[in-house]
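Undergrad: sequence and predicted model, in that order:
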Amino acid sequence: MRTLSFKTIGQYGIAIAFLLICCLLAFLHPKFMTIPNLRIILTQVSINALLAFGVTFVIITGGIDLSLGSILAVAGITAALFAHPDAYPLVVPLVLAIGAGVAMGGFNGLVVTKSKVPPFIVTLGTMTIGRGLALIFSNGRPVSNLSDSFNFIGGGTLWGIPFPIIILIVAFIACSVLLNKTTWGRYMYAVGGNELAARASGINVNRIKMLVYTLCGGLAGVAGILLTSRITTGQPNAGVGFELDAIAAAIIGGTSTSGGSGTMLGTLLGALLIGVISNGLDLMNVSSYYQLVVKGTIIIAAVVLDSVTRKS
Amino acid sequence: MSSSHAGTVLEIANLSKSYAGVTALDKVQLTLQKGEVHALMGENGAGKSTFMKILAGLIPPDTGNMTLEGARYAPKNVQEALKAGVSMIHQELLLVPELSVAQNLFLGKEKTRFWKYWIDSDALNREALSLLQPLGLSVNPATPMKHLSIAQMQLVEIAKAISNDARIIIMDEPTSALSDKEVAALFGLIRQLQAKGVSIIYISHKMDEIFRIADTITVLRDGKYIATHPAAALDNAALIRLMVGRDLADLFPPGSPVEGTPLLTVSGLSRKPFFQDISFELRAGEVLGVAGLMGAGRTEIARALYGLDQPDSGTVRLAGKELALRAPKEALREGIGYVSEDRKALGLVTGLSVRQNLTLSSLRRHAPNYYINRSSEYTDVAAMTRRLQIKTTGPEQKVNNLSGGNQQKIAIGKILLANPKVLILDEPTRGIDIGAKSEIYNLIRELAGAGIGILLISSELPEILGMSDRILVIAQGKHTATLSRQEATQETIMHFAIPS
């Protein structure tokens, strides 16, 4: 467990910021620290967290993925198209939606590894392609009338816990294990830390890059299912700008944009921090215009605090 | 060599520094005369880098006094040190590759006109030229830095120090990437600076250089001041004794004659324009030295054998089996390991830990189902750390905090953990101290004794002569000679290494 504590040191900054803001909000608003509200926060955070977990893998290898929001929309529409009541078994929309995410992520990975074009450009292109695909698949209109079983995923509860929270926890554990306990995770750090040395160490660098983009796409597919199910409609315009919140969560959580470092716990805390801030401002009836300004400021402050605590 | 400029320029006393409880420097002292070349010697971890970083304003000392020309000297940062006239030329050159020579030279103090933010590029280039020409560097100042050779970059760094009116220039391993000719030019330049009253603090592991250039030698060991002597009063053996605190037995351990069967057979290997028609055999348990000038194609041959580059033609057989090496992954699987000359770029992921680096090439052994078995990984790491005597605070220490010698041991250990049958070592002792060198020589003998075939690429002829059972000489990408241990001398090697 020594490695865990060693890695967590870097996260004290973000953890402290998170706790301070929670205390502040609890003090400012009596409703904040209640079980129903915490459930709302976690449910809302789950989508951004799934995207952020995926993009953390990508950023650790030194890449970036801007197409997450569009992949989410494609997956969401795909799910909705096959989730009408009495049309197909539930597994069909789920598999197709995740498959769409995996395919688009795989496409990103393929172009990044084969063409050597910077991932920023490649995924910027995929972002536009994906948005187009979502509009084509849906004829530009929302897809509604979804089955109850499908709507359970985003709206139902299991043992009193909203289902999205369960998905969040499972995804967090799976991503943490993948990153910390497997050769793939180790190789991701190596590729991001020094790609040449990773190759010279006998690592198949392209395979690792394919893996992270595909994983990221798959997780965006799951997020698309969650969103579509929660709002009980497939929206072709869903998820615009979600990639930026996801990247923000990863970076707030201490993932280095130059690659080679970052943890899932940090990213989870980053996503929670963003979620808690939005929720707190909602509770205090702050207008959504002001919310954006406050949110951006707090994101910067959290990162500054983090870098200060890291240095000392 | 004595200097006409008498007088003390820098006086340092009782300087101490510790990191997280570990003492790096313990009451170190140094007296620097005006216009002298003062060599600072010591093994890796002796505290030389910490000492020089304090002097250059990169880190503050815990305690101690520094007096620069009578005034208290306590630089808070590099800028203050530069202003006081102390410039450091780093081993890893701190230049911006995309900017031009002139832009690098005047970075942070650009000449301007019309307005204080309007850069006068013409003036910049003109002044750069007038700085560079006396140093014998004839490049267009508008050339991007990345197009220069390492030797040329070093000259730019020195020009930068001169333009800062440096009174003290610290040179950290300035010749590690220079050819003999370039070294001679650098030494000429140092003499010129000396004549102008500039003092040089010179750090190097190359003994012959130290005795050629230094007036005075100060030795540190384990963070402590050991002694200061005039260079003329010391010889090789005496200096080594001061540095390591004991007599070093013969640096090169003896080998025994090799009669093994051919392990690696290379025939007609070509990759134009780097090398052509290279053929040789490496026997099990043999150390085959590869000599040649810089740029002769030695590293390129090694890279092709390791699958880093694809040769145009030729065959490589390992124990009779023909190999098609498309990637290092395949070379390692077949049993060919390569330790690069450039450990920062190719050897290590410096942001990761000792453990993560050591097991990078053999991780699958600990993870049959991709899930890493930590205890098995730790066992290997602990065993290799002990075997190579790698000095760390623990397996989780980041590699970039380690000395060059220890980093090199990790780069070697990583490949050894992949159990190679053939080990290619490219400049394995570059930039590391004599104690670590001797350990690596012993390791090479031990590995050869265990039946591993070793290809030893080195630019240091004593190393090639001392370690090799046979020597392959390469000149301009062609194999010009194979010499036995008996017939090889510095002269014969150079005869075949210099292109006719």
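TA: Ah, there it is.

Undergrad: secondary structure class for the residue nearest in space to the middle of chain B?
TA: Closest to where the C-alpha atoms of chain B average out (CA atoms, centre = their mean) is B:Gly431, at 2.8 Å. Put simply, B:Gly431 is coil when judged by DSSP: H, G, I helix; E, B strand; the rest coil.

Undergrad: so it makes contact with B:Ser176?
TA: Yes: at 4.9 Å, B:Gly431 and B:Ser176 qualify as touching, with contact defined as CB atoms under 8 Å. In this view, the C-beta of every residue, glycine as well, is placed from N, C-alpha and C.

Undergrad: what's the burial count for residue 155?
TA: Since you didn't name a chain, this refers to chain A. A:Gly155 has 17 neighbours, counted by other CB atoms under 10 Å in any protein chain shown.

Undergrad: the intended chain is chain B.
TA: Residues near B:Leu155, counting by other CB under 10 Å, number 23.

Undergrad: before we move on, what about B:Ile201?
TA: Residues contacting B:Ile201 under the criterion other CB under 10 Å number 26.

Undergrad: the strands in the stretch 51-200 of chain A, which residues?
TA: Applying DSSP state E, counting those that start in this stretch to the stretch 51-200 of chain A gives strands spanning A:157-158, A:161-162.

Undergrad: swap in the stretch 251-400 of chain B?
TA: Taking DSSP E, counting those that start in this stretch to define them, one finds strands in the stretch 251-400 of chain B at B:262-271, B:275-283, B:287-292, B:313-318, B:321-323, B:336-339.

Undergrad: can you pull out the low-pLDDT segments for the stretch 351-500 of chain B?
TA: Residues of the stretch 351-500 of chain B meeting the criterion pLDDT under 70: B:500.

Undergrad: residues of it that sit close to chain A?
TA: B:351-352, B:356, B:360-361, B:363-364, B:367, B:370-372, B:396, B:414, B:418 (CB under 8 Å from any CB of the partner chain).

Undergrad: now tabulate these in TSV and tack on neighbour count.
TA: Output for those, formatted as TSV (neighbours: other CB atoms under 10 Å in any protein chain shown):
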residue	neighbour count
B:Gly351	20
B:Leu352	25
B:Gln356	24
B:Leu360	27
B:Ser361	24
B:Leu363	24
B:Arg364	14
B:Ala367	18
B:Tyr370	14
B:Tyr371	14
B:Ile372	19
B:Glu396	16
B:Lys414	26
B:Ala418	22
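
Undergrad: which two in those are spaced the farthest apart?
TA: Maximum pairwise distance in those, criterion CB to CB, is 23.6 Å, between B:Gly351 and B:Tyr371.

Undergrad: point out where the stretch 151-300 of chain B drops to low pLDDT.
TA: Across the stretch 151-300 of chain B, the ranges flagged by pLDDT under 70 are B:246-250, B:257-258.

Undergrad: just the strands of the stretch 51-200 of chain A: most buried one?
TA: Ranked by mean neighbour count, the strands of the stretch 51-200 of chain A are led by strand A:161-162 with a mean of 16 (mean count of other CB atoms under 10 Å in any protein chain shown).

Undergrad: related to what we said a few turns ago, can you put the strands of the stretch 51-200 of chain A in JSON lines and add mean pLDDT and distance to chain B?
TA: Rendered in JSON lines, the data for the strands of the stretch 51-200 of chain A read as follows (pLDDT from 0 to 100; distance: least, CB to the nearest CB, whole Å):
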{"stretch": "strand A:157-158", "mean pLDDT": "86", "distance to chain B": "28"}
{"stretch": "strand A:161-162", "mean pLDDT": "90", "distance to chain B": "28"}
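
Undergrad: may I have the secondary structure class of the closest residue to B:Ala151 other than its chain neighbours?
TA: Closest residue to B:Ala151 apart from its sequence neighbours, by CB to CB, 6 or more residues apart in numbering or on different chains: B:Glu182 at 4.1 Å. When classified by three-state DSSP, B:Glu182 comes out as helix.

Undergrad: the strands of the stretch 251-400 of chain B: which one's closest to B:Pro141?
TA: Smallest distance to B:Pro141 across the strands of the stretch 251-400 of chain B (CB to CB): 33.0 Å, for strand B:287-292.

Undergrad: what angle separates the closest one from strand B:275-283?
TA: Strand B:287-292 and strand B:275-283 are oriented at 160 degrees to each other (axes from the mean of the first three to the mean of the last three CA atoms, to 10 degrees).

Undergrad: just how off-centre is strand B:287-292 within its chain?
TA: Chain-centre distance of strand B:287-292: 19 Å, with CA atoms, centre = their mean, to the nearest Å.

Undergrad: I'd like to know which elements it is packed against.
TA: With contacts taken as 3 or more CB pairs under 8 Å, 6 or more residues apart in numbering or on different chains; DSSP states H and E, strand B:287-292 sits against helix B:298-305, helix B:434-449, strand B:453-457, helix B:461-467, strand B:470-475, helix B:490-497.
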